[in-house]
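*Asks:* Have a look at this fold, sequence not included:
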């Protein structure tokens, strides 16, 4: 789907990035904790994936209305 990210030919998504993105796109907004329980990868890796996905425009982060200390990640 052209135009929905800022990924260029020199950058690639990892398999872990794709798993995290798929979970967010299928289930809607999710916290990092939700994703840690849902996606079968290490917690630290989920955090790195979320940052990479944000940098490339696949997901956006917004404050979690239920927990002021956390964020919700949603597809763009």
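*Replies:* Sure, I can see it. Here the structure is a predicted model, which means the values were calculated and not measured.

*Asks:* From here on, just use CA atoms for contacts and neighbour counts.
*Replies:* Fine.

*Asks:* quick one, strands of this protein?
*Replies:* For the chain, the strands defined by DSSP state E occupy 59-64, 67-75.

*Asks:* Take the ones you listed and lay them out in a markdown table including mean pLDDT, mean neighbour count and distance to residue 20.
*Replies:* What follows is these, written out as a markdown table (pLDDT from 0 to 100; neighbours: other Cα atoms under 10 Å; distance: least, Cα to Cα, whole Å):
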| stretch | mean pLDDT | mean neighbour count | distance to residue 20 |
| --- | --- | --- | --- |
| strand 59-64 | 97 | 16 | 10 |
| strand 67-75 | 95 | 16 | 10 |
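
*Asks:* mind checking which of these is nearest residue 27?
*Replies:* Relative to residue 27, the nearest member of the strands of the chain by Cα to Cα is strand 67-75, separated by 9.2 Å.

*Asks:* for that closest one, the distance to its chain's centre please.
*Replies:* How far strand 67-75 lies from its chain's middle: 11 Å, per Cα atoms, centre = their mean, to the nearest Å.

*Asks:* just checking, what packs against that strand?
*Replies:* When contacts are defined as 3 or more Cα pairs under 8 Å, 6 or more residues apart in numbering; DSSP states H and E, strand 67-75 packs onto helix 15-27, helix 32-38, strand 59-64.

*Asks:* Please convert the ones you listed to a markdown table, extending it with distance to residue 52.
*Replies:* Output for the helices and strands packed on strand 67-75, formatted as a markdown table (distance: least, Cα to Cα, whole Å):
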| stretch | distance to residue 52 |
| --- | --- |
| helix 15-27 | 8 |
| helix 32-38 | 14 |
| strand 59-64 | 9 |
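
*Asks:* where does the protein dip in pLDDT?
*Replies:* Along the chain, segments meeting pLDDT under 70 span 1-11.

*Asks:* Now do the same contact list for the residue nearest the centre of it.
*Replies:* The chain has residue 50 as the residue nearest its centroid, 3.9 Å off, counting by Cα atoms, centre = their mean. The contact partners of residue 50, taken as Cα atoms under 8 Å, 6 or more residues apart in numbering, are 17, 20, 59.
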